[in-house]
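Sequence below, structure please.
(one chain, ligands or ions: 2)
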Amino acid sequence: MVMLRQRGFEIHKSYLDVARQRALIEALRPVLKAAPLFSPSVPGGGQMSVRMTSAGMFGWYSDASGYRYAEVHPKGQAWPKIPDVVLAIWQDLTGVERQPECCLLNYYGEDTQMGLHQDKDEADFSYPVVSISLGDDGLFRMGNQSRGGKTESLWLSSGDVVVMGGEARLTYHGVDRIRFKSSRLLPKGGRINLTLRVVT
Ligand code: SIN
Ligand code: MN
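Numbers count the residues shown, from 1 in each chain. Ligands and ions are numbered 1, 2, ... in the order given. Model prediction:
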């Protein structure tokens with residue numbers, strides 16, 4: 001386990017051993033059953049290549065009218081609770097007094113990516129965002145606090161956890177591509193990223 005700091009991002013390499021990664025996947029199964037993955041539309045038109053769902057009081061949602069948090073899944077049911085094994089990672093790494101209100105689950109299949117963006121739909125940016133990588137490797141790109149400028153990239157592997165707080169809280173970031181089937185954690189391949197956020 002080693003911690004790198006790049007542009008304010010705290011990158012905890014190999015934070016979760018394989019047993020903990022497997023325990024997380026087990027805990028996510030009922031979440032995915034209760035709140036199936038969907039492909040959000042984006043304001044400019046089109047759909048994200050990544051499929052997603054959420055756990056917690058709020059789920060992150062997007063459609064033609066914009067990005068926001070929603071209290072229910074697009075099919076109408078409440079979001080499932082955030083599993084305790086996920087909350088434990090937040091507690092461990094942030095030590096903040098509040099619990100995350102959203103655990104966004106992004107699933108990256110073959111040939112998917114996430115464009116550079118800021119996480120800025122939350123009310124209070126003094127709380128960090130915690131991002132957990134599971135499954136295939138993903139090429140994570142870190143930019144600046146405004147669009148443009150030089151960027152730096154690094155491969156995130158299964159078990160890596162990134163804390164985006166302080167100067168990194170509003171830094172542009174994205175995932176250029178994944179190395180499909182580089183990990184055996186998910187039998188069908190792909191990458192799961194969980195992002196934990198205080199929303200209100
Ligand atoms: C995100 O910023 O929403 C996801 C980051 C990642 O997949 O590593
Ligand atoms: Mn993000």
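
now the residue of the chain positioned farthest from its centre: how far from Met164?
What lies farthest from the middle of the chain is Gly149; by CA atoms, centre = their mean that is 23.5 Å. To Met164, Gly149 is 17 Å away according to CB to CB, to the nearest Å. All C-beta atoms are positioned from the backbone trio N, CA, C, and that covers glycine.

element containing the residue lying closest to Ser65 once chain neighbours are set aside?
With CB to CB, 6 or more residues apart in numbering as the criterion, Ser65 has its nearest non-adjacent residue at 7.1 Å, and that residue is Pro43. Following DSSP states H and E, one finds Pro43 outside all helices and strands.

What's the local residue count around Pro43?
Residues within reach of Pro43, counting by other CB atoms under 10 Å, total 11.

and it, what does it touch?
By CB atoms under 8 Å, 6 or more residues apart in numbering, the residues touching Pro43 are 62-67.

a markdown table for those residues, including pLDDT?
Formatted as a markdown table, the contacts of Pro43 follow (pLDDT from 0 to 100):
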| residue | pLDDT |
| --- | --- |
| Ser62 | 93 |
| Asp63 | 90 |
| Ala64 | 88 |
| Ser65 | 88 |
| Gly66 | 90 |
| Tyr67 | 93 |
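
among these, which are in reach of ligand 1?
Among those, no residue is within reach of ligand 1 (CB under 6 Å from any ligand atom).

Buried among these? Make that a PyMOL selection.
Buried subset of these, written as a PyMOL selection, criterion 16 or more other CB atoms under 10 Å:
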select buried, resi 62
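
Might one say that Lys181 is in contact with Gly189?
Yes - assessed by CB atoms under 8 Å, Lys181 is found in contact with Gly189 at 4.3 Å.

Overlap of the contact sets of those two?
Joint contacts of Lys181 and Gly189 (CB under 8 Å, 6+ apart) are Asp136.

Most proximal residue of the protein with respect to ligand 1?
Nearest to ligand 1 in the chain, going by CB to the nearest ligand atom, is Asn193, at a distance of 3.3 Å.

Many thanks, I have nothing further to ask.
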